[in-house]
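J.: need a 3D model of the following:
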Amino acid sequence: MMSERTEVQVRPGVESDLDALTDIYNHYVRETPITFDTAVFTPEERRSWLLSHPEDGPHRLMVAMDADSQTILGYATSSAFRVKAAYDTSVEVSVYLAPDAGGRGVGTLLYEALFEALAGEDLHRAYAGIAQPEGNEASVRLHERFGFRHVGTYREVGRKFGRYWDVAWYEKELTPAR
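T.: Just a heads-up that it's a prediction; the model follows:
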């Protein structure tokens, strides 16, 4: 368990983070409806995902680490919202934390760093899809704290663990580069 005094460093993700990031994501694949992926990934299967988030541009990967142990505590990303060119100024954002890293402000630190990095990009909106109803209250609070507002819910849009799940969509206005 992470101590309350642990210093957390946030930096861009690098290829050597791939194993730890894959482990964190696979926890959510196996244990939760937070992602609608239903099969775990190998690090090699996740490599293209990692490489699609360079250190500059609108699609970023920020990683939080315990400064003492160098353990990765979580990550935040901004990714393409949709593949069509008219959507280029929109991104979808997400945060995933290691199972024992929640409730300590790591998600807040990650989003602060991510949105600071995105401030110079030609972006208009950020979107976040949050699976409903159970288990994602912390994500709703985090997004609302960063100025996201609920704009709609897709009802029973995904099936996982033998049941259907809703996804609530949130949006945040971003200030484009001048």
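
J.: CA atoms for contacts and neighbours, from now on please.
T.: Will do.

J.: tell me what the helix-or-strand element of the chain with minimal mean pLDDT is packed against?
T.: The helix or strand with the lowest mean pLDDT-type score in the chain, counting by mean pLDDT, DSSP states H and E, is helix 137-145 (a mean of 93). The contact analysis (3 or more CA pairs under 8 Å, 6 or more residues apart in numbering; DSSP states H and E) places helix 137-145 against strand 125-132.

J.: which residues are in contact with the strand it packs on?
T.: 33-35, 81, 89-94, 136, 139-140, 143, 165-174 (CA atoms under 8 Å, 6 or more residues apart in numbering).

J.: strand partners (parallel or antiparallel) of that strand?
T.: For strand 125-132, the pairing partners within the sheet under DSSP bridges are strand 90-97 (parallel), strand 163-173 (antiparallel).

J.: number of residues surrounding the closest residue to Gly74 other than its chain neighbours?
T.: Ranked by CA to CA, 6 or more residues apart in numbering and with sequence neighbours excluded, the top spatial neighbour of Gly74 is Leu97, at 4.0 Å. Neighbourhood size, Leu97 [other CA atoms under 10 Å]: 23.

J.: rewinding a little: just say which of the strands paired with strand 125-132 is most tucked in.
T.: strand 90-97 (a mean of 22; mean count of other CA atoms under 10 Å).

J.: continuing past that one, what's the next helix or strand?
T.: Counting by DSSP states H and E, the element after strand 90-97 in chain order, helix or strand, is helix 106-118.

J.: quick one: mean pLDDT over that next one.
T.: The average of the pLDDT scores along helix 106-118 is 97.

J.: may I see the buried residues of it?
T.: Of the residues in helix 106-118, those buried under the neighbour-count criterion (16 or more other CA atoms under 10 Å) are Val106, Gly107, Thr108, Leu109, Leu110, Tyr111, Glu112, Ala113, Leu114, Phe115, Ala117, Leu118.

J.: from those residues, which is closest to Ser16?
T.: Leu110 (18.6 Å; CA to CA).

J.: roughly how far apart are that closest one and His27?
T.: Using CA to CA, to the nearest Å, one gets 19 Å for the distance from Leu110 to His27.

J.: try Tyr111
T.: With distances defined as CA to CA, the gap from Tyr111 to His27 amounts to 21 Å.

J.: now Glu121
T.: Separation of Glu121 from His27 (CA to CA) stands at 32 Å.

J.: more neighbours: those two, which one.
T.: Using other CA under 10 Å as the criterion, Glu121 and His27 rank with Glu121 on top: 19 against 16.
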